[in-house]
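In: Here's my sequence, what's the structure:
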Amino acid sequence: MSKNIISIPSMLTELYEIKAADGYFNSSLKDTVAYFDLFFRKVPDRGGFAVMAGVSQVIDYLKSISFSEEELDYLREKGVSEGFIEYLRNFEFKCDVYAVPEGTPIFPNEPIIKVRGPIVQAQLIETALLMLVNQQSLIATKANRLVRASRGTVVAEYGTRRAQGASQAVLGARAAYIGGCSMTSGLVPEKEFGIPSVSTMIHSWVQMFDSEYEAFCEYARLYPDDCSVVVDTYDTIRSGIPNAIKAFNTVLVPMGKRPNSIRIDSGDITYLSKRARKMLDEAGFPDCDIMASNSLDEYLIGDMVSQGAKVDCFIVGERLITSASSPLFSGVYKLCAIEKNGEVIPKINLSENVSKITIPSSKQLYRLFDMDSGKAIADVLTLDGEVIDEKKPYTLFDPDFTWKRKDVENYVARPLLVEIFKDGKCVYKEPDLESIREYCADQIDTLWDEVKRFENPHKYYVDLSKELWRVRNRLIEEYKGVKE
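Out: Numbering: from 1, shown residues only. I've put the predicted structure just below:
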């Protein structure tokens with residue numbers, strides 16, 4: 001992989017992160033061990049869940065942190081202390097990192113990455129972790145919405161030209177594949193990640209020839225094994241499809257070849273696809289697929305499917321790679337505890353905005369599954385070391401409206417946070433991309449359909465254990481009304 005496309009420079013952070021780390025380094029807090037949670041606050045598009053992605057790139061980044069002399073000289077110009085510059089010159093990552101595996105459905109306010117380590121280091125990596133997880137989780141989530149709307153019809157990611165930068169184009173294609181897209185238009189995602197690429201004729205090819213028919217014939221002669229023509233340059237029904245059929249019969253059939261597909265890029269695609277399917281079938285090309293593009297999103301795709309569109313592949317570009325309808329993944333990175341004299345001291349961030357009050361202490365995240373249906377019941381945050389005894393009923397309760405309770409029986413509790421780094425060394429065996437994609441599909445199948453609704457999805461509960469709730473409530477009471 002070309003370094004300027006994927007690799008994340010160690011300096012890709014923000015000045016206030018450097019200043020905070022420099023300040024910690026030069027204070028009595030230098031050797032303090034801190035705990036941070038990376039979590040998000042809202043599901044994009046008001047959906048019922050998001051999809052975790054970006055862990056592989058987080059691993060690559062944490063393995064490669066180092067600072068060049070040029071970068072250190074620049075930091076010196078920004079007023080960074082000589083002691084901290086020397087620390088960065090000999091930087092050695094020492095944190096423990098836990099993460100929810102890529103492809104897992106995730107929900108607001110639960111830790112999807114947990115970092116434990118020296119405060120200087122744990123603070124320094126905040127920006128890069130957020131950038132990597134926010135971008136890919138956003139695109140994986142959007143891709144999965146598109147795939148669910150298509151109800152089994154293939155969805156291809158065609159966003160390279162609409163991506164806001166090379167990194168977004170490449171990692172966005174990767175995230176879209178995790179979310180369920182089957183193909184990409186990009187060459188680099190295929191080369192680096194093995195994502196199948198797909199191509200179709202472009203409109204300028206048709207315009208370059210004296211006639212549409214001639215353009216189709218020449219393309220078929222050049223690409224007889226992958227002949228996919230765009231039929232709406234002039235008129236889909238009157239000229240595009242008839243000329244495509246004529247070219248197929250003139251060039252491909254005598255060669256013993258079959259056309260791959262036609263693409264419709266404008267107009268009422270539902271209507272046009274039905275007409276196109278009938279024309280192709282009657283001409284003896286029932287195996288010629290119909291591809292559809294033109295600023296598609298999950299709602300358009302859902303409507304087209306419900307109206308019986310004869311589409312074999314939905315091509316989605318701008319509205320996927322930018323998640324245009326909801327272009328923000330609200331990931332944040334917050335201190336939740338420190339260690340003092342070997343004891344974990346929980347920390348909380350109170351706010352005038354109640355939704356921003358954080359969940360303190362070092363935690364584990366469990367997902368409870370019903371043993372009969374295999375469906376996910378709820379997620380539970382516990383203090384580290386707490387054990388959920390699956391042989392006993394477990395009482396779930398809303399952490400804000402505590403009288404809302406539910407006793408769960410016949411369940412299995414699976415921890416979701418897995419160890420990625422131990423003392424700065426990667427201890428995680430990364431699955432390949434195909435396995436991540438399959439895992440994602442399997443895990444989303446464990447969610448009830450009500451949670452997967454696009455409009456007004458059922459709220460999936462993320463609850464606190466009794467012990468964690470008590471810690472949080474105690475800290476809220478302790479800090480309430482504090483004036484200094």
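In: Can you name the next helix or strand after the longest helix belonging to the chain?
Out: If you go by DSSP state H, the chain has its longest helix at helix 126-150. Downstream of helix 126-150, the next assigned helix or strand under DSSP states H and E is strand 154-157.
In: Okay, now the sheet partners of that next one, with direction.
Out: strand 183-184 (parallel), strand 313-316 (parallel) (DSSP bridges).
In: following the shortest one, which helix or strand comes up?
Out: To tie it back to what came earlier, the one meant is strand 183-184. helix 187-193.
In: Now do the buried residues in that following helix.
Out: Buried residues in helix 187-193, counted by 16 or more other C-beta atoms under 10 Å: 188-190, 192-193. C-beta coordinates here come from the backbone N, C-alpha and C atoms, glycine included.
In: so can I have JSON lines of the residues you listed showing pLDDT?
Out: What follows is these, written out as JSON lines (pLDDT from 0 to 100):
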{"residue": "V188", "pLDDT": "94"}
{"residue": "P189", "pLDDT": "94"}
{"residue": "E190", "pLDDT": "95"}
{"residue": "E192", "pLDDT": "93"}
{"residue": "F193", "pLDDT": "95"}
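In: D281: which of those residues is nearest?
Out: E190 (31.7 Å; C-beta to C-beta).
In: And the closest residue to that closest one other than its chain neighbours, how close does it get to G179?
Out: Distances taken as C-beta to C-beta, 6 or more residues apart in numbering place S197 nearest to E190, at 4.2 Å, with adjacent residues excluded. As judged by C-beta to C-beta, to the nearest Å, S197 and G179 stand 17 Å apart.
In: so who does the most centrally placed residue in the chain touch?
Out: Centroid-nearest residue in the chain, with C-alpha atoms, centre = their mean: S137, separated by 2.2 Å. Taking C-beta atoms under 8 Å, 6 or more residues apart in numbering, we find S137 in contact with 40, 50-54, 106, 175, 329, 331.
In: In terms of pLDDT, where does it sit?
Out: The model reports S137 with a pLDDT of 98.
In: ok, now K480?
Out: pLDDT for K480: 77.
In: Also the one 3 residues further on?
Out: At K483, the model reports a pLDDT of 48.
In: swap in S10?
Out: S10 is given a pLDDT of 85.
In: Hmm, L62 and it touching each other?
Out: No: S10 is beyond contact range of L62, at 10.2 Å (criterion: C-beta atoms under 8 Å).
In: These two: which is more packed in?
Out: Regarding S10 and L62, a neighbour count based on other C-beta atoms under 10 Å identifies L62 as having more, with 21 against 18.
In: Isn't the more buried one up against K422?
Out: No: L62 lies out of contact with K422 (C-beta under 8 Å); the separation is 11.9 Å.
In: give me the number of residues near P259?
Out: Per other C-beta under 10 Å, the neighbour tally for P259 reads 25.
In: E70 versus the nearest residue to K257 once chain neighbours are set aside, what's the distance?
Out: What sits nearest to K257 in space, not counting adjacent residues and going by C-beta to C-beta, 6+ apart, is P224, at 4.4 Å. To E70, P224 is 52 Å away according to C-beta to C-beta.
In: G267 touches T233, doesn't it?
Out: No: the pair G267 / T233 is not scored as a contact, 11.9 Å apart, by C-beta under 8 Å.
In: what about these two, which has more around it?
Out: Applying other C-beta under 10 Å to G267 and T233 shows that T233 carries more neighbours, namely 21 against 14.
In: and the closest residue to Y428 other than its chain neighbours, what helix or strand is that in?
Out: Ranked by C-beta to C-beta, 6+ apart and with sequence neighbours excluded, the top spatial neighbour of Y428 is I420, at 4.5 Å. Using DSSP H and E, I420 sits in strand 418-422.
In: what's around R470, how many residues?
Out: R470 - counted by other C-beta under 10 Å - has 12 other residues nearby.
In: wait, A128
Out: A128 has 21 nearby residues by other C-beta under 10 Å.
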